[in-house]
Every structure is written in structure tokens, then in C-alpha cells.
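structure for the following, please:
(one chain, ligands or ions: 2)
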Amino acid sequence: MDIDRIYIDPVDAKQAVLDYCLRKGALAAGVADLAALERIAPPGHRPSDLMPKVKSVISLGVGGQTQGAWSVPAKAMGYFGSTETRAYTIAYGAAFFIESKYHKPSIYCPPDMDNEKGPRVPLQSLKLHAEVAGIGARSLAGDILLHPDFGYMYFASIFTELELPPDQPMAENPCPAPSCVAMYRQIGRTPCQKFCPVQCLSGHIDEDGKQAEMHYDMAACAEMSQQYEAVPAMLAEAMAAEDDGSREAALFDPDNKMLWYKMSVGSGGLLAQCFECMRVCPIATKSPEADPIRRSIAKAGQ
Ligand code: SF4
Ligand code: SF4
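Ligands and ions are numbered 1, 2, ... in the order given. Predicted structure coming up:
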């Protein structure tokens, strides 16, 4: 059988692939415009830099926290990690699905960091894929993508040589929510800006209640939330200690002992956000299908 000669209807194939993602647990899935990604992503991070013959980029999102998680104290929230590995599992499965059904080379797009560029530069921006595929819009909370129905999601991408028609980015951005605009008018800050523990978010909302400007101090957020960067810093401090007491203090300080604990149990908390910006975000926590309880109620009402 000459598989290259079999006609594949792109619209049907797109439906089948997106249905697969939703059936396996994604809340939203879409196809990003490859030409737009190639134009926007910097050299070295374009889809074709990872997969030269790529024809389509599929993005999917899975639900974030349960409703109960938003009420736990900060010290517990730091352990909640995320559901992102579920998104990656679906993306792996979708790549297998496309290859077995359509015989087109496909990959799960690694969500990981570029080992030539350091721990803050990803190989690919999954966020850009999701935004261009229309399943999330950039928020005032450090550009975290939000969805008007599902709130806060984790994203994964699939690259394939199967040609699929692209979706469009969202026409409307749910951020800032009306209540955030009201708070901003009163105190000059939105909830995410006000409650970020390291004050790394700032920006402006214009007269129409839309985002005008957003600033995000990535280094301050990373220090708070991406604790894998704290490990080498703590080791360097211990190695440079002038005496045994200082070395012991560097290694066994209660905060640092928590890092050892998280590493020993493989906790996603080493990579997680601190979540405080999302805890106070009305889109992340109160969108109609933001958590399993809301989704179940929405489903029952259909
Ligand atoms: S994750 Fe935490 S530190 Fe980072 S922006 Fe959100 S609230 Fe601030
Ligand atoms: S709290 Fe949420 S909706 Fe409000 S401004 Fe921040 S990110 Fe946007």
C-alpha cells in the first residue's frame, strides 16, 4: 500500500484528532496556524526548528486545580504541583493516534528547557501554541493563559506532518474580569497584582477595561516558585561556607530541608507556581467549568 497516495480529508482528520484529545481528558484542543508560529517564535524555537517537516501544531489543555485546592493555606498549596503530566500523556497518545491512523510522522512536543540556553528558555513555547490555537489568552498574571470557560489550564502540544486546517486565536480576552477592572479603578491594582507575595506583577488597564500593559518580574516569580533554581544556589552557599556551622545552616535551614524533601519524593512542587495569583483570579477559580465540581454541574445542566 502506498500510504502517500491515500487521500486524507483535512477537516475530518482534524475532527478525529481533536476528538481523540477531548476523549482522553483534554478540556480544549485546537490547531495553531503554523505560519503565525513560525513568524512569531524566535529563531531556534520555531516549530520547524524542532521538526523540519512539520505541517501542523495541535495544542490541548487539561484542567488545573480541583475546587478544594484553592482553599488550602499557602504552605500546602506549594505541594499541589499540577495536572500537567496528564496533558503530556494525552499529547503522547495523540502522536501515536495520528501515526497509526494517518501514517504521518508525529511527535509529542517536549515541554522542557533548551539545554543549550539554560533553565528559563524552553525548547518551544507551549503557551504560544495554545494562544495561536485559540484555547487560551494572555492574562495580566505574567501572561498565564486563561480560558473564559475552563479558567486555568495546563497545555501540551503535538507536532505532525499531517496537514490540518488551523483555528483562530480567541476574539475576546477574559482578562481582566469585570471585578478586576473595578478593583483596579479603586486601588490601582488587580487581584493577581495585589496578592502576589513577591509583588512581581504590575501593569495597566485602559479606559475600555482592556489590558494596556503588563510587567512580570520573572526572576522574582522563579525564586518563589521554580525551586529547582534554588537547589544549586543553596549548594553553592554550603560549599562556600567558612565553617562547619555555617555549612550545616546552609544545608539544614528549615526552608532548604524542604527542598531536599521535595526532591526525595519527586514532588512537582519543585516546578510549580506558588499559585497565589491564580487563587485570587476570578477567571481561574470561578469560570463556568473551572474545576470538576463546576464541570459536573455544567454537564448536568446541558
Ligand atoms: S506564581 Fe506566585 S510569585 Fe509568581 S506571579 Fe503568581 S503569585 Fe507571583
Ligand atoms: S486576577 Fe485574573 S482576571 Fe483578574 S487581572 Fe489578574 S489574571 Fe486577569
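
low-confidence ranges in the stretch 101-250 of the chain?
Low-confidence regions of the stretch 101-250 of the chain, defined by pLDDT under 70, span residues 226-227.

for it, which residues are neighbours of ligand 2?
S139, L140, A141, C175, P176, A177, C180, T190, P191, C192 (C-beta under 6 Å from any ligand atom). Where C-beta positions appear, they are placed from N, C-alpha and C, glycine not excepted.

contacts only, for the fifth one.
The one in question is P176. When contacts are counted by C-beta atoms under 8 Å, 6 or more residues apart in numbering, P176 touches S139, L140, Y184, T190, I205, G209, K210, Q211.

Three-state assignment for the residue nearest to the last one when sequence neighbours are not counted, please.
When you say that, I think you mean Q211. Leaving aside its chain neighbours, Q211 sits nearest to L140 (5.9 Å; criterion: C-beta to C-beta, 6 or more residues apart in numbering). Assigned with DSSP: H, G, I helix; E, B strand; the rest coil, L140 falls in the coil class.

ditto for P166
P166 - assigned by three-state DSSP - is coil.

distance of it from ligand 1?
Applying C-beta to the nearest ligand atom, to the nearest Å, the value for P166 to ligand 1 is 31 Å.

residue contacts, the residue nearest to that residue when sequence neighbours are not counted?
Take P166 and drop its neighbours on the chain: the residue closest to it by C-beta to C-beta, 6+ apart is D33, 3.9 Å away. The neighbourhood of D33, defined by C-beta under 8 Å, 6+ apart, consists of V132, P166, D167, Q168.

and E213, by the same measure?
Applying C-beta under 8 Å, 6+ apart, we find E213 in contact with G203, H204.

so it sits in a strand?
Yes: membership of E213 in a strand is supported by three-state DSSP.

partner residues bridging it?
Beta-bridge pairing for E213 (DSSP bridges): H204.

on that earlier part again, hang on, the residue nearest to Q211 packs against C196?
No: if you go by C-beta atoms under 8 Å, L140 and C196 don't touch, sitting 10.7 Å apart.

the more surrounded of these two?
A direct count of neighbours by other C-beta atoms under 10 Å for L140 and C196 places L140 higher, at 30 against 23.

list the contacts of the nearest residue to T190 once chain neighbours are set aside.
Closest residue in space to T190, ignoring its immediate chain neighbours: C180 at 4.3 Å, by C-beta to C-beta, 6+ apart. Contact partners of C180, counting by C-beta under 8 Å, 6+ apart, are L140, T190, P191, C192, I205, C281, P282.

try M170
Neighbours of M170 in contact, by C-beta under 8 Å, 6+ apart: G134, I135, G136, A137, P148.

what of H204?
H204 neighbours (C-beta under 8 Å, 6+ apart): Q211, A212, E213.

is it fair to say I107 lies in a strand?
Yes: counting by three-state DSSP, I107 is part of a strand.

the longest strand belonging to the chain pairs with which strands?
Using DSSP state E to define each element, the chain has its longest strand at strand 151-160. Applying DSSP bridges, strand 151-160 is found paired with strand 56-63 (antiparallel), strand 106-108 (antiparallel), strand 145-147 (antiparallel).

which strands and helices sit next to the helix or strand harbouring A236?
Per DSSP states H and E, A236 falls inside helix 230-240. Helix 230-240 sits against helix 244-252, helix 254-265, with contacts defined as 3 or more C-beta pairs under 8 Å, 6 or more residues apart in numbering; DSSP states H and E.

can I get the contacts of C180 in a markdown table with secondary structure and distance to ligand 1?
Putting the contacts of C180 into a markdown table (DSSP: H, G, I helix; E, B strand; the rest coil; distance: C-beta to the nearest ligand atom, whole Å) gives the following:
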| residue | secondary structure | distance to ligand 1 |
| --- | --- | --- |
| L140 | coil | 10 |
| T190 | coil | 12 |
| P191 | helix | 10 |
| C192 | helix | 7 |
| I205 | strand | 17 |
| C281 | coil | 9 |
| P282 | helix | 15 |
